[in-house]
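*Asks:* Sequence and predicted structure, then a few things I'm wondering about:
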Amino acid sequence: MVGQAQKEFTVNEALARLDGLLHPAVAGEADAPPGAPADGECWIVGAAPTGDWQGEAGALACRQAGNWLFVAPQAGMRVFDTALSAYRVYENGWSLPVAVAAPTGGAVEDAAARAAIAALIAALIEARILPAT
């Protein structure tokens with residue numbers, strides 16, 4: 001019979017997941033879905049989800065064709081959080097990089113070493129591996 005297997009549903013679901021996961025960027029983290037989400041918008045579901053997100057704590061919620069598609073994160077998954085301008089990494093929960101302070105003080109100061117460390121920190125911030133603050 002025509003359409004018996006309905007393969008298009010499986011293929012469409014797979015394409016929607018690929019769309020959300022190929023270059024993952026999230027608008028932020030929240031417990032409740034936004035009021036007027038746009039298709040293609042993704043969020044990290046918070047620890048106490050409500051509404052359409054209930055029961056999906058920690059998952060990625062991607063808006064596709066007017067519906068929420070949830071993807072369970074895997075260890076090592078990395079997404080860019082546009083609200084924070086920083087990458088988040090999943091390892092038993094979503095984490096953010098920690099800011100690194102430039103060295104100060106001490107009995108002996110080596111200007112060249114401090115300049116090298118400051119340049120390294122600046123490069124990591126520019127690469128968005130470390131936060132700017």
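*Replies:* Perfect, I can see it now. Numbering: from 1, shown residues only.

*Asks:* does the residue most central in space within the chain count as helix, strand or coil?
*Replies:* For the chain, Val79 is the residue whose C-alpha lies nearest the centre (Cα atoms, centre = their mean; 2.9 Å). What DSSP: H, G, I helix; E, B strand; the rest coil gives for Val79 is strand.

*Asks:* ok, Ala25 to Cys62 distance?
*Replies:* Ala25 is 10 Å from Cys62, where distance means Cβ to Cβ, to the nearest Å. All C-beta atoms are positioned from the backbone trio N, CA, C, and that covers glycine.

*Asks:* Overlap in contacts, the two.
*Replies:* Shared contacts of Ala25 and Cys62, defined by Cβ atoms under 8 Å, 6 or more residues apart in numbering, are found at Cys42.

*Asks:* Those two: which is more packed in?
*Replies:* Cys62 (23 against 13; other Cβ atoms under 10 Å).

*Asks:* In terms of secondary structure, what does the stretch of helix or strand that one belongs to contact?
*Replies:* Element membership for Cys62 (DSSP states H and E) is strand 60-64. Secondary-structure packing of strand 60-64 (3 or more Cβ pairs under 8 Å, 6 or more residues apart in numbering; DSSP states H and E): helix 7-21, strand 42-45, strand 67-71.
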